[in-house]
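Student: quick one: sequence plus predicted model below, questions after.
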Amino acid sequence: MKKLTLLLALIIISCSSSDKEREGTEVTSFEFITYITLTNENTGGGSQKVYLSSGSTEDQAEFCYCNDLCSREIIQVFEIQRNEGTNEFRYKINASDSYITESYQDWCTRFN
């Protein structure tokens, strides 16, 4: 019984240390950007979203092509950051808010 307990303890310790090693190798490199535009065109027209940081206007944003039936949503945020190593961006609506993280993997994307 003692051998089984010792074996289980070693397995648990080895699993928890390997999880910590994986966490340490994950690279996040968020950079501040002025805007990010997302376009998802489909047969019904599609949609576009633009996240504009404080002081930016829609005229400053570059969009992917989308036909005349596309809807456009403008979201004014305090700040935006893009993760260079992934297809993620994060933003805050207000300075005191926590970041909201989203993926742009399936969208045509422009940012600056």
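Tutor: All right, it came through fine.
Student: what's opposite the residue nearest to residue 62 when sequence neighbours are not counted in the beta bridge?
Tutor: Excluding the flanking residues, the one nearest residue 62 by C-beta to C-beta, 6 or more residues apart in numbering is residue 110, at 4.4 Å. (C-beta placed from N, C-alpha, C; glycine too.) Listed beta-bridge partners, residue 110: residue 37 (assigned using DSSP bridges).
Student: okay, residue 110: pLDDT?
Tutor: According to the prediction, residue 110 has pLDDT 89.
Student: and the helices in this protein?
Tutor: 2-25 (DSSP state H).
Student: circling back: hang on, isn't the residue nearest to residue 62 packed against residue 66?
Tutor: No. Contact criterion C-beta atoms under 8 Å: residue 110 and residue 66 do not qualify, at 11.7 Å.
Student: for the residue nearest to residue 62, grab the count of nearby residues.
Tutor: 15 (other C-beta atoms under 10 Å).
Student: please apply the same query to residue 34.
Tutor: Applying other C-beta under 10 Å, we find 16 residues neighbouring residue 34.
Student: cool, residue 45 as well?
Tutor: What residue 45 shows, counting by other C-beta under 10 Å, is a neighbour count of 12.
Student: what's the spacing between it and residue 61?
Tutor: Distance, residue 45 to residue 61, using C-beta to C-beta, to the nearest Å: 19 Å.
Student: what do you get for residue 41?
Tutor: Shown here: residue 41 relative to residue 61, a distance of 17 Å by C-beta to C-beta.
Student: can you pull the contacts of the closest residue to residue 61 other than its chain neighbours?
Tutor: Leaving aside its sequence neighbours, residue 61 sits nearest to residue 35 (C-beta to C-beta, 6+ apart; 4.5 Å). Residue 35 sits next to 50-53, 56, 60-61, 80, 111-112 when contact means C-beta atoms under 8 Å, 6 or more residues apart in numbering.
Student: of those residues, keep whichever come out buried.
Tutor: Using 16 or more other C-beta atoms under 10 Å as the burial test, the contacts of residue 35 include 50-53, 56, 61, 80, 111 as buried.
Student: now, the residues you listed that are in strands?
Tutor: Under the assignment DSSP state E, the buried ones among the contacts of residue 35 contribute 50-52, 80, 111 to strands.
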